[in-house]
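J.: sharing a sequence plus its predicted fold:
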Amino acid sequence: MKSILKLYGLLTLIVFSGCKELPGMKGQYLGSLTDSKGEQSVIVYANNLGVDQVKPTEVIISEINAAKQPLRIQFQFDKQGLLRISFNDVSQVYNFAKKDSCVLGDSNTTKVNLCFGKDQIRFEVENLGDSSQSFKVIAQKTDNMSVLKGKSSYSVEELVGRAKFINYTVEQKTQEVYRARKNVSVAIGHLLPSLNLKDVLGFASLDPGAVVDSIGNLLPFLFPSNWFELKQSKALYGAEVKSYAALRGNEMSVVEGLLYVHLRNAKVSEYLRMELTWLKEAYNYILARQGLNDMPTGSAEIFSLKLGALSWDKEQIDTFLEVEKANLAQAVALPDTEKLAIKSIQFPSLDTVSEISSDSCVEAALSQSLELETLDLLFEASKAQTEITKYSFLDPNSSDTIGFGTSSAIEITKSNSQEILMKKKDMRSLMQMRCKQAVTESNSAVRSYKIASKNFKNALNRKDFLMKEMRISGASLNQIEKLADNSTDVVKFASQSASASIQYLISDSKMKRLMLEGFYSDLEIGY
Amino acid sequence: MNFSKLLVFLLAFPLFANANHPEITVKEKQLYRDELTSRIRLQQNFKMNVKVNEKSEFSYQIKLEKPVYDMPVFADIHNWGSDTAYFRGFWDLFQTTQDSVLKVGNELLPINCVFISAQDNRHIENNPIPLLSEYLMEVYLVVGTDMCTGGPFNPNNPLYGAEQIAWDTYVYYRIKAPTIMQPIDALLVYRKNQYHAVVK
């Protein structure tokens, strides 16, 4: 009895006095980073905040830009009680001071100040040798990630970055992950002695019935089902994180693909605008000549049919561009009344690009796949569930009993595990198929670009030929019509080249999503 | 021309036609008239390989009176995909004095209208080929018409049943060398019959 009470007292001390945590400060913050280049919006994740020797406090600062790597800063006390601060795993010892709710670090070269206010985080780094390396972050804790300072225009990286952090669907998933993470915390709590006074009193009264009742609460780690419950929760939490990351990657991939298609359509609209401008000039020329009786009556009207047909095409594509913009704005949580301006990109020339095989994509995808890791963790959770089913009858707090139904229950959980293994096999096959599909699309884009490029060259040669003919023999209606038809060909082949370039970018993006490279290299950030 | 570079350029940047094409000034318009349209040969003999009015030659003699248009009329078409290369058309119309005549055989016919349809090829290509002429002018010397309002096409065709060509008799030729205004590809259209001719 005395030894049990001593153990209880020791455990109480550990619970109350060891860890100075700031649990309310953990989470996601939105704010701005100011440095020598100016101010930009950032998202800040604060994990495990507190002065703790066991686990570091981590602050992750990320620009809302899928191409930029986040800055990871860790604060930890080492065994000598010295404060170590790491910037992307490069650590340095700092003199430590604590003032109100701030942690102050001072080394020979850098001063660091991390402060927590009411739902606010403030982080300052002053580089004493190079002021251009200094920066300041101020961020507010908020769930409403769609409220960000607007910009006049956004690059592809910035919009995909918004999809990474701010996408509505991802936010909902974030809540699910949070709930899963809370369940892990609750499961961990089961392993520590509960501080229910009734149980303490029951223990002290020496009533055997009370001891049997309370032992489940007080010493839960004796019962393997509780250990398996924790393992199951941890595995489930891990699966949630991986599947969240996979979903995030999928949303980003959709946004990236939509952006490229939109930019291609904008390019085609521009080509159509150029052609319409040319046709209007040609029409005005013909109209002038017709007005001077230098061309037959009706020449301008015949030519205007070409203009009319193209004007219709331009109107359709411009309407479609507005619809696309509205969809894109919704996908990246921008207000739909805001005029979304997207910066143009350099469409890649594929003249010297060679076709590739799918081997490297398949190998990387299968070894790193978030989906497969999710299934692995679910399998682990399902195995733990089997063990819980086997042993739960031993826990007096559990309502499970051993009986004729137990073996069936065990068989059911075993069959769940088998089902997950089968799903994993299907998933592997699906990953391989997706890789091959992306590579096929990429190679097709390379071939198509080369054909379109050749046709474009031929169309331009034809244009030169016609212009020379016009120099020699004059600008008759027939000649101008030939030039108009040729300009349509030039636009067609230039648009085909743009489409091939975009198809290449989209299939490259799909491969990067599968291999978790480029924009998709850090999908689990924040959890 | 490096087509790959042009394609990459087109894919990378939007091109705006007319960005660098300045508006033609009144002074420049006057220059076209003074140096080109009003400097056609005022007299010329031609020969044909057939006889018309018992002779295989014809000639004209004209004096230009006042121009019908205040200034020559201009219209430009850009070279597609370029904002600096363009093709320019220009037109002018003169009335002639009463003693301007076309002599076909022994017949003297009054010329009362000179219509010029021309093009300025100097800016079509950024690297023009020297052998291709900088200017091309089509000259119509029109006999006895009350349709001296422009070119040969009848605006009442086909709506009011008129013939497509408004003129009965006229001389047509081209000029590719404005320094000497040498007529080439000449045609005599006499009572709607067409005869090829060369400078005599």
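T.: That came through, no problem.

J.: gap between A:Asp35 and chain B?
T.: According to C-beta to the nearest C-beta, to the nearest Å, A:Asp35 stands 30 Å off from chain B. All C-beta spots, glycine's among them, are computed from the backbone N, C-alpha and C.

J.: and residue 124, helix, strand or coil?
T.: No chain was given, so I picked chain A. strand (DSSP: H, G, I helix; E, B strand; the rest coil).

J.: wrong one, chain B
T.: Criterion first, three-state DSSP; result for B:Ile124: coil.

J.: thought it was touching B:Tyr86?
T.: Yes: in this structure B:Ile124 lies within contact range of B:Tyr86 using C-beta atoms under 8 Å: 7.2 Å.

J.: compare those two (neighbour count), which wins?
T.: Using other C-beta atoms under 10 Å in any protein chain shown, the more surrounded residue of B:Ile124 and B:Tyr86 is B:Ile124, with 24 against 19.

J.: measure the more buried one to A:Arg471 for me?
T.: 6 Å (C-beta to C-beta, to the nearest Å).

J.: shared neighbours, these two?
T.: Common contacts of B:Ile124 and A:Arg471 (C-beta atoms under 8 Å, 6 or more residues apart in numbering or on different chains): B:Phe87.

J.: re earlier: overlap in contacts of B:Ile124 and B:Tyr86?
T.: With C-beta under 8 Å, 6+ apart, B:Ile124 and B:Tyr86 have common neighbours B:Asn79.

J.: A:Lys149 sits in which helix or strand?
T.: For A:Lys149, there is no host helix or strand (DSSP states H and E).

J.: my read is A:Glu481 is in a strand, agree?
T.: No: using three-state DSSP, the assignment for A:Glu481 is helix, not a strand.

J.: can you read off the pLDDT for it?
T.: At A:Glu481, the predicted lDDT confidence score is 89.

J.: quick one: the strands in chain A, in order.
T.: Using DSSP state E, the strands of chain A run over A:20-21, A:27-35, A:38-47, A:50-51, A:57-63, A:71-77, A:83-87, A:90-99, A:102-106, A:110-117, A:120-127, A:135-141.

J.: which stretch in these has the least confidence?
T.: Mean pLDDT is lowest for strand A:20-21 among the strands of chain A, at a mean of 48.

J.: circling back to that earlier point, I'd like the strands of chain A written out as TSV, with mean neighbour count added.
T.: Formatted as TSV, those follow (neighbours: other C-beta atoms under 10 Å in any protein chain shown):
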stretch	mean neighbour count
strand A:20-21	12
strand A:27-35	19
strand A:38-47	19
strand A:50-51	16
strand A:57-63	20
strand A:71-77	19
strand A:83-87	18
strand A:90-99	13
strand A:102-106	18
strand A:110-117	18
strand A:120-127	18
strand A:135-141	19
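
J.: now render these as JSON lines, adding distance to B:Leu36.
T.: Listed next are those as JSON lines, based on distance: least, C-beta to C-beta, whole Å:
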{"stretch": "strand A:20-21", "distance to B:Leu36": "91"}
{"stretch": "strand A:27-35", "distance to B:Leu36": "64"}
{"stretch": "strand A:38-47", "distance to B:Leu36": "58"}
{"stretch": "strand A:50-51", "distance to B:Leu36": "89"}
{"stretch": "strand A:57-63", "distance to B:Leu36": "63"}
{"stretch": "strand A:71-77", "distance to B:Leu36": "70"}
{"stretch": "strand A:83-87", "distance to B:Leu36": "75"}
{"stretch": "strand A:90-99", "distance to B:Leu36": "76"}
{"stretch": "strand A:102-106", "distance to B:Leu36": "83"}
{"stretch": "strand A:110-117", "distance to B:Leu36": "77"}
{"stretch": "strand A:120-127", "distance to B:Leu36": "72"}
{"stretch": "strand A:135-141", "distance to B:Leu36": "68"}
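
J.: so which of the ones you listed is nearest A:Leu236?
T.: If you check each of those against A:Leu236 by C-beta to C-beta, strand A:38-47 wins as the nearest, at 19.5 Å.

J.: what about dumping the CA coordinates of the closest one to CSV?
T.: C-alpha atoms of strand A:38-47 as CSV (Å, rounded to 0.1, in the frame of the first residue of the first chain):
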residue,chain,number,x,y,z
GLY,A,38,9.7,44.1,-48.0
GLU,A,39,6.7,42.5,-46.6
GLN,A,40,5.0,39.3,-47.6
SER,A,41,2.2,37.1,-46.2
VAL,A,42,3.3,34.1,-44.3
ILE,A,43,1.8,31.1,-42.5
VAL,A,44,3.3,30.1,-39.2
TYR,A,45,3.0,26.8,-37.5
ALA,A,46,3.9,26.6,-33.8
ASN,A,47,4.4,23.1,-32.4
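
J.: much appreciated, bye for now.
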